[in-house]
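Q: quick check, what structure comes out for this input:
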Amino acid sequence: MNVRSKGLILFSTLIILSMVLAACAPAAPETIIQTVEVMVEGTPVVQTQVVEVTAEAPVVEEEATGPILAEEGLIACNPIPVLPEAASYIAPVTAPKPVVNAPKSIELAARPQQGGAVYRVGVFEDVTTINYWAANGPDNTVYNSYMLPERWTMFELSDKFFTFVPVLAKELPGELTQEGDVWTVTIPLRDDVMWSDGTPFTANDVAWTANTVMKLGLISGNWSSWYDSNYLQGMEVVDDYTVKVIYHTKPGLARHEYGTLQAPLLNATYWQAKIDEAGVMASIDALAADAADDVKAAAQAEAHDKLFAIDPDGEPLAGAYILSKWEKGAFLENAKNADWADAGMVVEQWAAGGYRTSDGFVIEPTEGDPDMVQALDQNADSIVFTIYGSQDAAILAMQNGEVDFVLNSLGLQRGLADKVKSDPNLTVIENPTNGYRYLSFNTRRRPMNDCAFRQAVAVLIDKEFVTATILQGVAFPMYGFVPPANSAWYNSDIITLGAGLDRETRTNLAREILKQAGYTWEGGAEPTWDPENRQVTPAGRLLMPDGTAVPALNMPAPSPGYDPLRSTFAIWIETWLNEFGIPLTAQLAGFNVIVPIIFTEQNFDMYILGWSLSIFPSYLYDFFAEEQAVLDGNNAGGYVNPEVEERLKQILVCATFEECFTTADEIQMILSEELPYVLLFDTGIIEAYRSASVVFPYTESLSGLQYGHQSGSSGIYASVQTK
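A: Numbering: from 1, shown residues only. Reported below is the predicted structural model:
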């Protein structure tokens, strides 16, 4: 999630970077495949050319490209005009729903390991911090999730089948019980888990982590979904190995089982000393009891800055691997934790939800042979993440035997996948994904606060054309705020505005949406479709209903060096909007550059990024709730809609899956009309690994192997076998 850059030049005939990634840094001339639309005897034809280009480092525009027209509140949606030639433009979603067949039982044959066995992983970005508080707050990037070591939790979702299982807890949680004005549950904890400094992991670490987050008021990144002060009051230590969770407001599945109970736990002794030394709590402790909300928020923000700046050198951990070395810009190494409590455990899973461990814990049903077996043997003595400048370089390194697997949330480009399939040392796999790439609006500014403007932009973006023609089928268009691959939660009845329309109908519909809302164009000429030349006849600059010209707008988006798919969309969106009188500049930049602009500075009009999503769609709250519409919050676009807000709160308190399904469907329906995001596309994820050197316990899973590598998951790292 990171964004900065200057505008990319648009050629008179749009040139789109296709299957080959450019290096992120300045580079010598290199061969690039380009897809070009040209006119041949009056007919547009897409051709592929091979040219030499020089990759330039993007120049970042720190300020907006025009006057910012700030606005308070949203302008409501109007009924969508129905055109004679587009009577059925609200069409069903056509995105495919890939089906993953459960693999047969996989028995891991024991292999003798030599000392110094290394699991070698290639990545394209460095971690931005090794401070876990910051890494899951304002620096919440996927590469931090990949590379930083695991933190223990009381419960987690199992690898591959996502069964809710205990980790530090000894058993599944009991029901929440009302005690006066609060709701509680008491959780017994294991007594065999040790920190890497040799001290026991106790209930004090659990309660301290939760209570410290509450006092700090952390909401950025993942913290608010883990420890939500709107529900959680705190935790109490009952004894060394029993903790009591206390809610002042009864939570639902999202904030209890899928929130607090799966939240990470930190070493209380170490972090309290660090916090005291840095004076983190000084501003909070100095607050008067009746301090105003804005004064309290300022004090907490000061505390957060101090907390995020702490160097966690020597932090005790308890997972399968612990951080051993970080060479900025080069590599990060995690070393085997010899005292990991789960070392040697065997985990069996069934696709129907059955789960059994070799130490006797069982969740039924466990009939028949298990669908997956994991031996948590810590076969690798260390895990080394090596940073490469491009996907090409990382894949070449894997072919040469330098790395065993390449981690990339975007997956392998199909062209590269086809190249490596013939390599007998490599195996290529493909899985569906639970995520999407999207365009977001800054609704604090005009005209992005106007539903009609957002709908018109959505209509002008021809997702089907870009995914099918330009990207040649490597992606498919997205319309749902819950991806179709997450079939249990996906609402197939949503509005799919613009789906399947040709360019002429898009032009006419977008124009009518804007005109109905009072928009006009300078000089009185409106954008129209020229059927003879098969193009839009540009109009003057778009004027808002009060006659003010739409200002120059900026749109940070990933560069072609990081994601050619999103940069391709950015260039087309820039073209389509400009020819419609909307002066938009795409500002392409590296991934780690974009995040501060969007989430910390919030200096944008629109932006393009992507989300990797959880199974339970509580992220709908995180993306669009008023509470998150603050600096460092996940609702960077500032979308606040009271009608949606009530349903977003309901998704956090619904107590049964049936109730939660209904609420999630309602939210998806409203958002598909309001469009705080224009969902762009998704891809199945293609991955390659060096099967000559490693064996994974599974290769078929929602979002692929990369998803199993996130958050330092002990399962995949501890069960991968090196040959």
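
Q: can we go C-alpha only for contacts and neighbour counts from here?
A: Fine.

Q: which residues touch the residue nearest to the spatial centre of the chain?
A: When C-alpha atoms, centre = their mean is applied to the chain, the residue found nearest the centroid is W611 (2.6 Å). Residues near W611 by C-alpha atoms under 8 Å, 6 or more residues apart in numbering: 435-437.

Q: which SS class is it?
A: With DSSP: H, G, I helix; E, B strand; the rest coil as the basis, W611 sits in strand.

Q: so how far is L680 from it?
A: 12 Å (C-alpha to C-alpha, to the nearest Å).

Q: which neighbours do those two have in common?
A: 436-437.

Q: returning to that earlier point: neighbour-wise, which of the contacts of W611 leads?
A: Most neighbours among the contacts of W611, by other C-alpha atoms under 10 Å: G435, with 25 neighbours.

Q: so it sits right up against P617, yeah?
A: No. Contact criterion C-alpha atoms under 8 Å: G435 and P617 do not qualify, at 11.0 Å.

Q: where in the protein is pLDDT low?
A: 1-67, 84-115, 712-713 (pLDDT under 70).

Q: mind giving me the domain ranges of it?
A: Following automatic domain parsing, the chain resolves into domains at 6-53, 118-125+321-433+685-722, 151-308, 435-682.

Q: reformat these as CSV; add distance to N78.
A: Converted to CSV, the domains of the chain look like this (distance: least, C-alpha to C-alpha, whole Å):
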stretch, distance to N78
domain 6-53, 33
domain 118-125+321-433+685-722, 34
domain 151-308, 33
domain 435-682, 7
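
Q: of all the ones you listed, which one comes closest to I80?
A: For these, distance to I80 was read as C-alpha to C-alpha. The smallest value, 6.6 Å, belongs to domain 435-682.

Q: can you give me the end-to-end span of the closest one?
A: End-to-end for domain 435-682, by C-alpha to C-alpha: 7 Å.

Q: what about C660, which helix or strand?
A: helix 657-674 (DSSP states H and E).

Q: what's whatever helix or strand comes next after that helix in contact with?
A: Heading C-terminal from helix 657-674, the first helix or strand you meet, by DSSP H and E, is strand 677-682. With contacts defined as C-alpha under 8 Å, 6+ apart, strand 677-682 is touched by 433, 435-441, 454, 458, 463, 467, 475-481.

Q: give me the subset of the residues you listed that lies in helices.
A: 454, 458, 463 (DSSP state H).

Q: and these, which is closest to L652?
A: Nearest member of the ones in helices among the contacts of strand 677-682 to L652, counting by C-alpha to C-alpha, is R454, at 27.4 Å.

Q: hmm, the closest one is touching R446, no?
A: No. The pair R454 / R446 is not scored as a contact, 10.8 Å apart, by C-alpha under 8 Å.

Q: please say which of those two ends up with more neighbours.
A: R454 (25 against 20).

Q: excluding sequence neighbours, find me the nearest residue to Y436.
A: D682 (5.0 Å; C-alpha to C-alpha, 6 or more residues apart in numbering).

Q: and the one you found, how many residues sit next to it?
A: D682, neighbours per other C-alpha under 10 Å, totals 25.

Q: which strand residues bridge it?
A: Residues in a beta bridge with D682, per DSSP bridges, are F476.

Q: tell me how far it lies from S145.
A: Distance from D682 to S145, by C-alpha to C-alpha: 21 Å.
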